[in-house]
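Asks: pasting a predicted model and its sequence here:
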Amino acid sequence: QVQLVESGGGLVQPGGSLRLSCAASGSIISPNFMGWYRQVPGKQRELVARITNYGITNYGDYVQGRFTISRDNANNTVYLQMNSLKPEDTAVYYCNYFTTKAGHYWGQGTQVTVSS
């Protein structure tokens, strides 16, 4: 089992920045992906960004250089720096941990609201 604890969501004005953090604990194995997905009501959950424990990254197409994902392997923590936020970035953001052996684990979700 893997537990994920998220922090860092909230309300921000358009053009502002937020940093999300997610700490994983439990049965951490390698290789693995850690990352962030987001979901709005009535839509499927979509990839925001993910990173392997070797530092390989993937981003959702709409990120367009605005977000940066990083991780601290020693502490099994992943960070998402979000800049130039837009109202359409408003969603619940979910931390994700994935391995081919164990499958997906999800955090409880953190609300990000971009509004003036």
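Replies: Nice, thanks for sending it over.
Asks: which residue is nearest the middle of the chain?
Replies: Trp36 (2.2 Å; CA atoms, centre = their mean).
Asks: residues in a beta bridge with that one, which ones?
Replies: Ala49, Cys95 (DSSP bridges).
Asks: that one is in contact with Ile69, isn't it?
Replies: Yes: using CB atoms under 8 Å, Trp36 is in contact with Ile69, at 7.2 Å. Where you see a C-beta, it was placed from the backbone N, CA and C, and this is true even at glycine.
Asks: spell out which residues are contacts of both of the two.
Replies: Ala49, Arg50, Val78, Leu80 (CB atoms under 8 Å, 6 or more residues apart in numbering).
Asks: out of these, which end up buried?
Replies: Ala49, Arg50, Val78, Leu80 (16 or more other CB atoms under 10 Å).
Asks: quick one, strands of the chain?
Replies: 2-7, 10-12, 18-26, 33-39, 46-52, 57-59, 67-72, 77-82, 91-99, 103-106, 110-114 (DSSP state E).
Asks: and those as TSV, adding mean pLDDT?
Replies: Formatted as TSV, the strands of the chain follow (pLDDT from 0 to 100):
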stretch	mean pLDDT
strand 2-7	95
strand 10-12	98
strand 18-26	97
strand 33-39	97
strand 46-52	97
strand 57-59	96
strand 67-72	97
strand 77-82	98
strand 91-99	97
strand 103-106	95
strand 110-114	98
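Asks: let's have the shared contacts of Trp36 and Ile69 in JSON lines, adding distance to Lys86.
Replies: Shown next, in JSON lines, are the shared contacts of Trp36 and Ile69 (distance: CB to CB, whole Å):
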{"residue": "Ala49", "distance to Lys86": "16"}
{"residue": "Arg50", "distance to Lys86": "21"}
{"residue": "Val78", "distance to Lys86": "22"}
{"residue": "Leu80", "distance to Lys86": "15"}
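Asks: farthest-separated two in these?
Replies: Pairwise distances across the shared contacts of Trp36 and Ile69 peak at 9.9 Å for Arg50 and Leu80 (criterion: CB to CB).
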